[in-house]
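J.: give me the fold of what follows.
(2 chains)
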Amino acid sequence: MSATSSPAISLKVEFGGGLELLFSNERSHTVTIPARAPSPAGADTDVHPPGGGGRPADIAFLIAWLRANLLQERAELFEENGTVRPGILVLVNDTDWELEGEGEYVLKDGDEIVFISTLHGG
Amino acid sequence: MPPRSCALCNKARAILKRPKTGQQICRECFFWVFETEVHNTITEAALFKPGDKVAIGASGGKDSTVLAYVMKTLNDRYNYGLELFLLSIDEGITGYRDDSLETVKRNQQQYDMPLKILSYDELYGWTMDAIVSQIGKKNNCTFCGVFRRQALDRGASALHVDHIVTGHNADDIAETVLMNIMRGDIARLGRCTLICTQGEDTIKRSKPFKYAYEKEIVMYAYFKKLDYFSTECIYSPDAYRGHARAFLKDLEAARPSAIIDIIHSGEAFEVTEVIKATQKVQQTCKRCGYMSSNYLCKACTLLEGLERGGASPSVVGLLVTTASELPFNGLSLQTNRMQGKLDAVLISADNMRTIPLFQTPSTLRPPMSTFKEQLSSSTQSQVIIDPIHLSTLA
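T.: Residues are numbered from 1 along each chain as shown, chains lettered A, B, ... in the order given. The predicted structure follows:
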C-alpha cells in the first residue's frame, strides 16, 4: 500500500456480470490508490516512486492495483497482459472506456469505474 | 480527452463505441438503434405474425432478460400483436438455477408476462444435482443440453405457444460457427446460422438477437438497469466452447467486426446435397413421442442410462445405434446375443421412469412408424447435441 505521505485519490469501483465473485462477492467498493503510478505501465505496483515520480495513475495502473490489493481469487479471470481480460467491459463515469483512451485514461479523485464481465452464461 | 458528441444526433455526449460500426453514440440513440436493429431483424426474417403466441426462453441471465424487455418494448411500439410468455427450465442445480429463477420471477412482475417453469425433476424424475451425483461432473453438460432442448419444447407445448425465442446473440452464433468448423460438423455448420429453425412438427425457434453483439446487450442491460443474474453454472466447464469463446474475444479485441464476419462466413458456406442426404430422417421417439432421428430420442436414451443405475449412456446409445445402423434385411443375420441385448433394452423400459408422451400444440402427429421402418430409414446415430444448446438457456 502507499506510504502515508504519498498523495492519493479515492475512487468508486463497481463489479458486475459475475466479476464481483472475484472481489469478496461485493459489487461496490471505495478504494484509495496512489495518485502516481510507477513508470512504465505494468511495473510492480508495490514500488512507488517517492516525491511524485512515475506517471499519473491511469486505469491500467488501477487494474494492476486491484489485482494486487482487492482481488481474492482467480486473477486470470480479471487481468491478462496488463489489461482486463477480453470480454470485460469497462465504464468510466458511465462512459465506455473505449471513448476515454482505455487503460491510458488518467484517473481523477471521485471517478467511478465499473467492470462488467460479459463472459457468464446468458 | 475532450468529450465528443453522438455520431447520430450530433447533440448529446457519446457514451458508447459500437463494436459493429465503430460509431460513438449517446445513450438515447444507443437504445434506439439497438431496439430498431432487433426490430429490423424480426421484420426482415418475418419471424412473427399477429396473434402468435411466443414463449421467451428465460434463464434470468443477461441475454434473455434483455430479450424479454426488448420483445415487450417492440411488441408495444410496433403492434406486433404477440402474446408473450416467459418459459424457464429448472434444471435442479442448487445455488445456481434456484437463484436465477428468482430473477425470472421478478421479471414476470416487472414485464407483466405469464411465467411457466418446467423442471427436469417433474419431467424426467432427475435433477441435475442427482444426475451429477450419479455420473460425476464429466459429460453432465450432455444430459443438461439434451434435457433442456426437449423441456423447452414441452414447456412451449404446455403453454400452447407455437414459437420459442431465445437470447442467443451474435457472439454465441459466431462461437458455434467456429466450433462446428473445428469439429468438421458440416451439417450443423449449415444450420447454426439460421435465424429460425423448425422441424416437421416441432415448435419454431428463433434468435432475434442473431446480429446483436454481446457487448451491446450487456451495455443495454447496464444503462437500462435491468435486473439479471450472472453466475457460472457450478457444473459447467464446457471446455471446448470456453476456448472458442476466449479465441473469439481475442479476435474481437483486435477487430470488432470479427464476430459479424464469422457469422457471415458461416452463412456463406454451402452445404452440398450429398451432405444433406446423409442427414437423418426425422421421426418420433417410440417411447415418448418426441421428435427423434432414432428409435428412441436422445432424452429417453440418456434417461434409460440413468435409470439403469449409472450405466453409461453411451452403452445404451451404442445398443440402439448398432441395431438401427443395420439395414432391415440384415436384422435376421444378427447374432442371438445382439438380439438379446436389444430385447433387454426395449423390454426393461416398463420398470423405469419414462418421459410423458409429447404432444405438439398445433399439428396432428403422423402414425408412429414401425420399428422395421425405423431400422431401414436410419443411417447413423450418435448421442451428440446441438452445440448451441450446450450453453445455458441464454
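
J.: okay, now the domains of chain B?
T.: The record's domain split for chain B, according to automatic domain parsing, is B:28-274, B:283-387.

J.: need the winner for burial among these.
T.: Mean neighbour count (mean count of other Cβ atoms under 10 Å in any protein chain shown) peaks for domain B:28-274 among the domains of chain B, with a mean of 19. Where you see a C-beta, it was placed from the backbone N, CA and C, and this is true even at glycine.

J.: quick one: that one near chain A?
T.: Yes. Counting by Cβ under 8 Å from any Cβ of the partner chain, chain A is contacted by domain B:28-274 at B:59, B:61-64, B:167-169, B:171-172, B:214-215, B:217-219, B:222-223, B:230-233, B:236, B:245-246, B:249-250, B:252-253.

J.: restricting to C-alpha, output stretch B:243-260 in CSV.
T.: C-alpha atoms of stretch B:243-260 as CSV (Å, rounded to 0.1, in the frame of the first residue of the first chain):
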residue,chain,number,x,y,z
HIS,B,243,-11.7,-22.0,-25.8
ALA,B,244,-13.7,-20.9,-28.8
ARG,B,245,-15.1,-18.1,-26.7
ALA,B,246,-11.7,-16.9,-25.5
PHE,B,247,-10.4,-17.0,-29.0
LEU,B,248,-13.4,-15.1,-30.4
LYS,B,249,-12.9,-12.4,-27.7
ASP,B,250,-9.3,-12.0,-28.6
LEU,B,251,-10.3,-11.6,-32.3
GLU,B,252,-12.9,-9.1,-31.3
ALA,B,253,-10.4,-7.1,-29.3
ALA,B,254,-8.2,-6.9,-32.4
ARG,B,255,-11.0,-6.2,-34.8
PRO,B,256,-14.6,-5.8,-33.6
SER,B,257,-16.2,-6.8,-36.9
ALA,B,258,-14.8,-10.3,-36.5
ILE,B,259,-18.0,-11.5,-34.9
ILE,B,260,-20.3,-10.5,-37.6
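
J.: tell me the average confidence for it?
T.: Taken as a whole, stretch B:243-260 carries a mean pLDDT of 90.

J.: off-centre distance for that stretch?
T.: The chain centroid and the centroid of stretch B:243-260 are separated by 22 Å, computed with Cα atoms, centre = their mean, to the nearest Å.

J.: show me what it is in contact with.
T.: With Cβ atoms under 8 Å, 6 or more residues apart in numbering or on different chains as the test, stretch B:243-260 has contacts from A:85-87, A:119, B:19-20, B:22, B:170-171, B:174-175, B:178-179, B:182, B:211, B:213, B:262.

J.: would you list every one of the helices in chain A?
T.: A:59-69 (DSSP state H).

J.: and the residue of the stretch 1-150 of chain B found nearest chain A, how far from A:T32?
T.: Closest approach of the stretch 1-150 of chain B to chain A (Cβ to the nearest Cβ) occurs at B:D63, with a separation of 3.2 Å. Using Cβ to Cβ, to the nearest Å, one gets 36 Å for the distance from B:D63 to A:T32.

J.: next: B:S133.
T.: For B:S133, the distance to A:T32 equals 46 Å [Cβ to Cβ].

J.: and if you look at A:E104?
T.: Distance, A:E104 to A:T32, by Cβ to Cβ: 21 Å.

J.: partners of the longest strand seen in chain A, with directions?
T.: For chain A, the longest strand by residue count, based on DSSP state E, is strand A:8-16. Using DSSP bridges, strand A:8-16 pairs in its sheet with strand A:28-34 (antiparallel), strand A:112-117 (parallel).

J.: quick one: residues in contact with that strand.
T.: Under the criterion Cβ under 8 Å, 6+ apart, residues A:2, A:22-23, A:26-35, A:57, A:62, A:66, A:70, A:107-117, B:222, B:230 lie in contact with strand A:8-16.

J.: quick check: mean pLDDT across the one helix or strand B:E122 maps to?
T.: If you go by DSSP states H and E, B:E122 is part of helix B:120-124. The average pLDDT within helix B:120-124 is 91.

J.: summarise which helices and strands it is packed against.
T.: Where contact means 3 or more Cβ pairs under 8 Å, 6 or more residues apart in numbering or on different chains; DSSP states H and E, helix B:120-124 is packed against strand B:83-90, helix B:140-158.

J.: helices or strands up against the lowest-mean-pLDDT helix or strand in chain A?
T.: Across the helices and strands of chain A, mean confidence by mean pLDDT, DSSP states H and E is lowest for strand A:36-37: a mean of 88. Contacts defined by 3+ Cβ pairs under 8 Å, 6+ apart place strand A:36-37 against strand A:55-56.

J.: residues in contact with B:G95?
T.: B:I234.

J.: the same query, at a cut-off of 10 Å, please.
T.: Taking Cβ atoms under 10 Å, 6 or more residues apart in numbering or on different chains as the contact definition, B:G95 lies against B:129, B:231, B:234.

J.: turn those residues into a markdown table, including secondary structure.
T.: Converted to a markdown table, the contacts of B:G95 look like this (DSSP: H, G, I helix; E, B strand; the rest coil):
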| residue | secondary structure |
| --- | --- |
| B:D129 | helix |
| B:T231 | coil |
| B:I234 | coil |
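
J.: residue numbers of chain A in contact with chain B?
T.: When proximity is defined as Cβ under 10 Å from any Cβ of the partner chain, chain A approaches chain B at A:16-21, A:77, A:80, A:83, A:85-89, A:91-101, A:104-106, A:114, A:116-122.

J.: which among those residues count as buried?
T.: Taking 16 or more other Cβ atoms under 10 Å in any protein chain shown as the criterion, what is buried in the residues of chain A next to chain B is A:16-21, A:77, A:80, A:83, A:85-89, A:91-92, A:95-100, A:105, A:114, A:116-122.

J.: in strands, which of those residues appear?
T.: Residues from these lying in strands, with DSSP E as the criterion: A:16, A:80, A:83, A:88-89, A:91-92, A:95-96, A:114, A:116-117.

J.: so which pair among those is furthest apart in space?
T.: Taking Cβ to Cβ as the measure, these span a maximum distance of 22.9 Å, between A:E80 and A:T95.
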